[in-house]
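K.L.:
based on what follows, work out the 3D shape:
(chains A, B, C and D)
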Protein chains: 2
Amino acid sequence: MATTSVTSSSRTDSASEKLRREILDGLAAPGDLLAESAVARRLGVSRVPVREALFDLERDGLVEFSETGRAYVKRLAPADFEELFVVRLALEPLASRLATPQLRSTTEALERNIAATQRSKTVQQVTRLDLDFHEIILTASGNTRLLKLWSSMRAELELWLGRLHRRHQFQTSETQRETIAAHTAIVQGFRTQSPAECERIMRQHIQGWREWLPVLAENE
Amino acid sequence: MATTSVTSSSRTDSASEKLRREILDGLAAPGDLLAESAVARRLGVSRVPVREALFDLERDGLVEFSETGRAYVKRLAPADFEELFVVRLALEPLASRLATPQLRSTTEALERNIAATQRSKTVQQVTRLDLDFHEIILTASGNTRLLKLWSSMRAELELWLGRLHRRHQFQTSETQRETIAAHTAIVQGFRTQSPAECERIMRQHIQGWREWLPVLAENE
DNA sequence: GATTTCCAAACGGTATACCGATTTATTTTT
DNA sequence: AAAAATAAATCGGTATACCGTTTGGAAATC
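P.N.:
Below you'll find the predicted structure:
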């Protein structure tokens, strides 16, 4: 809902989407070489759109380039997650505060998001909707730059969460329950219409992620 | 100093740098069409590197694409500057706080930057060094993500300042004096080694930019 | 004179081809 | 058997070519 889902006509975009999905779904292992020719052959397009798609994915943090220009599926280091966390803590409480005035109309979208989360069957869906929830608030802040910066981290966040779930085989129902509880509390807090309270509750929510850091330290 | 200045070997990068300079120096007017073929002919390379350079510049906020895929020199709206200001206020005081532990080694770099600013002869140099000063602090924060997000706004900030200067014909000496005074005060504040104080003084510094908002409102 | 129609030029998206550099496999040397 | 040299395959950077679409202006119409 919050993401662009128009069926793009350009081959660059469709190549980008296919590769993005393969990486997020874990079909491509971290460190795997994404050679232009091989990908092009596999996707049935020429190298040019693939090349541009790879640049797109690099911008989104799903692909990294070696010094010699080769593209690999992004490898994650726990320190990266810590950094993402620090930056979210700078952006999201601020966005919550800025969103306060326009929040009445946004609350509906947030509640629809929670309802959809309740209907979710897979961890992937829950994750997607979780990030959508936050993106709704960033959008409501009215600061397009703030939204753009946050969006530039979204794919990477999804990558982290996906790999975490696959590695630790979380119970879908538990992830679902926790997400719904946390988001419901946020919507409640937003009902106060107090900028300070909105900012505080979002800060608290994001700080909850700190619990994951020890788990992440176990990663490769 | 803080920016990459290696003479890039790839034609994409050199095309990107040439175009970047043309836009920042105001040689290309806002809204000008940057047609791939024309640019390629002018720079003596083929369309492919130009095409990729244009995507780079879009990412840096110096170029915007129309729905039909044409590239134009970025047009600025005063609201964009306000947004940049809000985001800097979220990132830079935080970076200052995070940089506190490593600050002793950084202070030297900052002082060298101020000295270079004193030696500057043109407004462009002062502007470049001004942004370098801030980038030094972002780098010292140790949070590469924070640095990356800030860097993604740098070119656009430079674009704004350049157009402002050309439009209002500021006295170089005055800009220089103000910049030096402000940065010297920041370094002084940093000497306290207090995270809270470093954060505060940077917030105050950036808020000083608010004065420009009325001026910017006169822009197209 | 203003508006619409139509056409030629220009443009962007993409496939293909070429080349030097890099990587990988093979062979030679120690 | 290990290491070094060499050969073969692969890869990325880039030029060129082709095609459908967009665009801007001329011609036609009102």
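K.L.:
model confidence score at the spatially most central residue of chain A, please.
P.N.:
By CA atoms, centre = their mean, the mean C-alpha position of chain A lies nearest to residue A:154, the distance being 3.1 Å. Predicted confidence (pLDDT) for residue A:154: 97.
K.L.:
quick check: which ranges of chain A have low pLDDT?
P.N.:
Scanning chain A for pLDDT under 70 picks out A:1-8, A:216-220.
K.L.:
thinking again about what came up before, host element of the residue nearest to the centre of chain A?
P.N.:
helix A:144-168 (DSSP states H and E).
K.L.:
now swap in residue A:72 and tell me
P.N.:
Per DSSP H and E: strand A:71-73 holds residue A:72.
K.L.:
C-terminal to that strand, what's the next element?
P.N.:
helix A:78-99.
K.L.:
quick one: the residue in chain A that DNA strand C sits nearest to and DNA strand D, what's the gap?
P.N.:
Per CB to the nearest atom of the strand, residue A:46 is where chain A lies closest to DNA strand C, at 2.7 Å. All C-beta atoms are positioned from the backbone trio N, CA, C, and that covers glycine. Distance, residue A:46 to DNA strand D, by CB to the nearest atom of the strand, to the nearest Å: 9 Å.
K.L.:
also residue A:60?
P.N.:
18 Å.
K.L.:
quick check, that residue in contact with residue A:158.
P.N.:
No: assessed by CB atoms under 8 Å, residue A:60 is found out of contact with residue A:158, at 9.5 Å.
K.L.:
what's the neighbour count on the closest residue to DNA strand D within chain A?
P.N.:
Closest residue of chain A to DNA strand D, CB to the nearest atom of the strand: residue A:69 (2.9 Å). Using other CB atoms under 10 Å in any protein chain shown, residue A:69 has 9 other residues around it.
K.L.:
check the one 4 residues further on too.
P.N.:
Residues lying near residue A:73 (other CB under 10 Å) number 21.
K.L.:
residue contacts, the residue nearest to residue A:75 when sequence neighbours are not counted?
P.N.:
The shortest distance from residue A:75 to any non-neighbouring residue, by CB to CB, 6 or more residues apart in numbering or on different chains, is to residue A:30 (4.6 Å). Residue A:30 sits next to A:73, A:74, A:75, A:76, A:163, A:220 when contact means CB atoms under 8 Å, 6 or more residues apart in numbering or on different chains.
K.L.:
who is the first one paired with across the strands?
P.N.:
Looking back up the chat, that one is residue A:73. Beta-bridge pairing of residue A:73, defined through DSSP bridges, involves residue A:63.
K.L.:
is it true that it touches residue A:63?
P.N.:
Yes: assessed by CB under 8 Å, residue A:73 is found in contact with residue A:63 at 6.5 Å.
K.L.:
returning to that earlier point: a helix runs through the residue nearest to residue A:75, doesn't it?
P.N.:
No: secondary structure assignment (DSSP: H, G, I helix; E, B strand; the rest coil) places residue A:30 in coil, not in a helix.
K.L.:
show the buried residues in the contacts of residue A:30.
P.N.:
Among those, those classed as buried by 16 or more other CB atoms under 10 Å in any protein chain shown are A:73, A:74, A:76, A:163.
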